[in-house]
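Chemist: okay, predicted coordinates and the sequence, questions at the end:
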Amino acid sequence: MDARVQKKPAPTPRTAPPKVVAATQPVVPPENTANQSRWSRYWLGVEDANPLADAEAFWRAIARAATIGIFAIALLAVMHYARPILLPVVLALTIGIALTPLSNRAKSYGLPPAISAVFLVAGLLAVISVVVVLLSDAVRDWIERAPELIAVLKQRLQLFDRPLAALNALRESIAGPGEASAPFRFDLNTSILQPVLMLLTPAVGQIIIFIGTLIFFLADPNSLKEYVVMFGQDRDTRLRSLRIVKDIERNLVGHFGVVTAVNLCLGLSLAIATWVIGLANPLVWGVMAAVLNYVPYIGAAMVIAALFAVGLMSFDTLTHALLAPGFYLVLATIEGQFIMPSILGRRLTMNPLTIFVAIAFWGWLWGALGALLAVPLLIVGMVFIKHIFPKNDVKLPG
């Protein structure tokens, strides 16, 4: 037997398995437990935080957005201060595009473009002169009867006396006892008529710019297209520019054609209705409705307000005075909600909120003529967006 005794190695002590901590319980070191319980109620509950892998890309996007914002502010400033030149030029180009089919038709009959342009501009100025002559007498009569209108309104609408008295009391309390504060009064001349007439009567220089731009554009409408297309550096860019120009022309011509036809029917209907109801100057009401309806929503509101005011002066009862504005409100609702969307909806879909915001923006920037140009400029912008940016059919869950 071997003297050397073989010793077995001592067994290694078993260690307890590590405790499994639930995923919902944060692992906090023992020494921070007291601080964690003290400050935990001040912590933000952020779950599944996924920080950016590249923070520099984020700041590049911010810098790009800031550059675009600065450019937009500078562009707004230029458009505001250059209004005496930009407004007649844009108005002439818009009307010129709408008159392009007539110019092409005259060219097909062998009439020289320059002569057809002069005839078209002369006809347009003749139509504008007739409209101004028809409306000027009625507007002048309404201005002369403004005090009578205010008295009638004060008599018929006595329910507004208490709100006006409360407004005067609030103004006196804000002004203080030592400062004299005149009571609140509504003046038709200074509040509505004078600002509107100032916006609708452009300077002689703007009229000359408008007429010259319109004549030169109609004399050679294809030259502007060629200049726009030649800005492209390659064939694809030039083809895209040509498609954009053609779509702008097609949509503007279709828009003005349909709107003009609908406005003529609307004006004729209102003229017949005011003649039946008994209002004076039914032809003037028809012309006013046809012209102001080129500005959606706001034009209809102005016609309704004018019909209501003149109805109060013309009739003895409030019910009789509401007949004409109520009839026109029904006509404008049918035209705006059913007729126009069914016709123009197939051409270019426009959101009513977008139209209203565009009218408010261009009216603020360029006045009454800017509101008139709001929808055509919106059409131009939508054509650019549909051609340049990819189509994105994102639908919100129901």
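Modeler: Ah, there it is.
Chemist: how near is residue 233 to residue 384?
Modeler: Distance from residue 233 to residue 384, counting by Cβ to Cβ, to the nearest Å: 18 Å. C-betas here are computed from N, CA, C, even on glycine.
Chemist: look at these two and report which has more neighbours.
Modeler: A count of neighbours by other Cβ atoms under 10 Å puts residue 384 above the other of residue 233 and residue 384, at 13 against 8.
Chemist: hang on, that one packs against residue 245?
Modeler: No: judged on Cβ atoms under 8 Å, residue 384 makes no contact with residue 245 at a distance of 10.7 Å.
Chemist: quick one: residue 222 from residue 249, how far?
Modeler: As judged by Cβ to Cβ, residue 222 and residue 249 stand 11 Å apart.
Chemist: more neighbours: which of these two?
Modeler: When residue 222 and residue 249 are compared for neighbours, residue 249 comes out ahead with 17 against 10, by other Cβ under 10 Å.
Chemist: show the contacting residues for that one.
Modeler: 97, 100 (Cβ atoms under 8 Å, 6 or more residues apart in numbering).
Chemist: just the pLDDT for it.
Modeler: Looking at residue 249, its pLDDT stands at 90.
Chemist: do residue 138 as well
Modeler: Confidence for residue 138, expressed as pLDDT, is 77.
Chemist: point me to the helix or strand that includes it.
Modeler: For residue 138, the enclosing helix or strand under DSSP states H and E is helix 113-144.
Chemist: which residues does the most centrally placed residue in the chain contact?
Modeler: The geometric centre of the chain, computed from its C-alpha atoms, lies nearest to residue 358 (Cα atoms, centre = their mean), at 1.0 Å. In this structure, residue 358 makes contact with 374-375, 377-378, judged by Cβ under 8 Å, 6+ apart.
Chemist: so which of these wins on neighbours?
Modeler: residue 374 (25 neighbours).
Chemist: and that residue, what does it touch?
Modeler: Applying Cβ under 8 Å, 6+ apart, one finds that residue 374 lies in contact with 295, 355, 358-359, 361-363.
Chemist: again with residue 100
Modeler: Taking Cβ under 8 Å, 6+ apart, we find residue 100 in contact with 218, 221, 249, 253.
Chemist: quick one: which of the residues you listed is nearest to residue 55?
Modeler: Among the contacts of residue 100, residue 249 lies closest to residue 55 (Cβ to Cβ), at 46.7 Å.
Chemist: could you check how far that closest one is from residue 351?
Modeler: Here the criterion is Cβ to Cβ. By it, residue 249 lies 23 Å from residue 351.
Chemist: same question, residue 310
Modeler: 34 Å.
Chemist: now the stretch 201-350 of the chain, which segments are flagged as low pLDDT?
Modeler: 201-202, 344-349 (pLDDT under 70).
Chemist: the helices in it, which residues?
Modeler: Across the stretch 201-350 of the chain, reading from the start of the chain, the helices by DSSP state H, counting those that start in this stretch fall at 204-219, 221-230, 235-277, 282-292, 298-314, 318-321, 323-334, 340-344.
Chemist: mind putting those helices in TSV, distance to residue 120 included?
Modeler: As requested, those are arranged in TSV below (distance: least, Cβ to Cβ, whole Å):
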stretch	distance to residue 120
helix 204-219	6
helix 221-230	11
helix 235-277	14
helix 282-292	19
helix 298-314	25
helix 318-321	42
helix 323-334	30
helix 340-344	25
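Chemist: and which of the contacts of residue 100 is nearest residue 166?
Modeler: Looking across the contacts of residue 100 and measuring by Cβ to Cβ, the closest to residue 166 is residue 253, at 52.6 Å.
Chemist: do you know how far residue 111 is from residue 105?
Modeler: When distance is defined by Cβ to Cβ, residue 111 is 9 Å away from residue 105.
Chemist: the two: which is more packed in?
Modeler: When neighbours are counted by other Cβ under 10 Å, residue 111 and residue 105 differ, and residue 111 comes out ahead with 14 against 11.
Chemist: does that one count as helix, strand or coil?
Modeler: Applying DSSP: H, G, I helix; E, B strand; the rest coil to residue 111 yields a three-state assignment of coil.
Chemist: just the helices in the stretch 51-200 of the chain please.
Modeler: Across the stretch 51-200 of the chain, reading from the start of the chain, the helices by DSSP H, counting those that start in this stretch fall at 55-81, 83-98, 100-108, 113-144, 146-156, 161-175, 188, 194-200.
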